[in-house]
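Visitor: build me a structure from this.
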Amino acid sequence: MESLESIVLAQPFFAGLEPDIAEMIAGCARNHVFEPDAYLFHEGEAAREFFLLREGDVSLEIHISGGTTIVLSTQHEGDVVGASWLIPPYRWNSDARARTRVRALGVDAECLRGKCEANPRTGYAMMKRFAPLLVRRLQAAQTQLLDVYGRADRP
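Guide: Got it, this is the predicted structure:
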C-alpha cells in the first residue's frame, strides 16, 4: 500500500518538494474516488479541500441563465482542481464534475492553511506552486473570452 507522502511526492504539481513539507501535506490528505458525473464541489460552497488528480478527468463548469452549462476547462491526471481554498472568502467559483472515474488526493484546506501559517517555508512552497496555476487559469479565461467576443478592437 502506497503512503500518502509518496503519493504527494509523485504528483507533478509537487515536483521537487522537500520531504518534510510533503509529510505535512500528507497529514492533511485523504484518497477519494468519484464516479462519472459526480460533483467534487459546487459553486458557492465553502472550499474545504482541493484535489490532485491521480486518474481521470474533471470539468470546471459554470451555469448561466436558461439552464446552460459552460465548461471552463477540463483537468486531467496530474492536474490540481481547486484553488479557491487559498484565497478568502474560501468559496468555490465554479462546479467541478467528474467526466470519467476519478481517483484523487484531497487535501483539507483548513489543515493546510494552518500548517502554512505556522511554517512560512510550507506557505512559500504552496504559493510557488499555486501562483503559476492561478496565472495560467486567468490567461486561459482571457483567451476564452477573446474567442467568444472577438478581437475587433485589437491591432
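
Visitor: just checking, what packs against the lowest-mean-pLDDT helix or strand in the chain?
Guide: Within the chain, confidence by mean pLDDT, DSSP states H and E is lowest for helix 120-149 among all helices and strands, at a mean of 82. On a contact count with 3 or more C-beta pairs under 8 Å, 6 or more residues apart in numbering; DSSP states H and E, helix 120-149 meets helix 19-26, strand 68-75, helix 109-118. Bear in mind the C-beta positions are built from the backbone N, C-alpha and C, glycine included.

Visitor: right, and the ones you listed - which one's nearest residue 12?
Guide: Nearest to residue 12, of all those, is strand 68-75, at 12.4 Å by C-beta to C-beta.

Visitor: next one: the helix or strand just after the closest one to chain centre, how far?
Guide: Heading C-terminal from strand 68-75, the first helix or strand you meet, by DSSP states H and E, is strand 80-81. Between the centre of strand 80-81 and the centre of its chain there are 2 Å (C-alpha atoms, centre = their mean, to the nearest Å).

Visitor: packing partners of strand 80-81?
Guide: For strand 80-81, the packing partners by 3+ C-beta pairs under 8 Å, 6+ apart come out as strand 49-55.

Visitor: and the helices and strands packed on helix 120-149, which is most packed in?
Guide: Counting by mean count of other C-beta atoms under 10 Å, helix 19-26 has the highest mean neighbour count of these, with a mean of 19.

Visitor: distance from it to the middle of the chain?
Guide: Chain-centre distance of helix 19-26: 18 Å, with C-alpha atoms, centre = their mean.

Visitor: which residues sit against that helix?
Guide: Residues outside helix 19-26 that contact it (C-beta atoms under 8 Å, 6 or more residues apart in numbering): 3-5, 7-9, 14, 17, 107, 112, 115, 119, 121-122, 125.

Visitor: out of those, which end up buried?
Guide: The neighbour count (16 or more other C-beta atoms under 10 Å) marks 4, 5, 7, 8, 9, 14, 17, 107, 112, 115, 122, 125 as buried among these.

Visitor: once you drop chain neighbours, what's closest to the third one?
Guide: Spatial nearest neighbour of residue 7, excluding adjacent residues (C-beta to C-beta, 6 or more residues apart in numbering): residue 105 at 5.6 Å.

Visitor: what of the first one?
Guide: Using C-beta to C-beta, 6+ apart and skipping residues adjacent in sequence, the residue nearest residue 4 is residue 26, 3.8 Å away.
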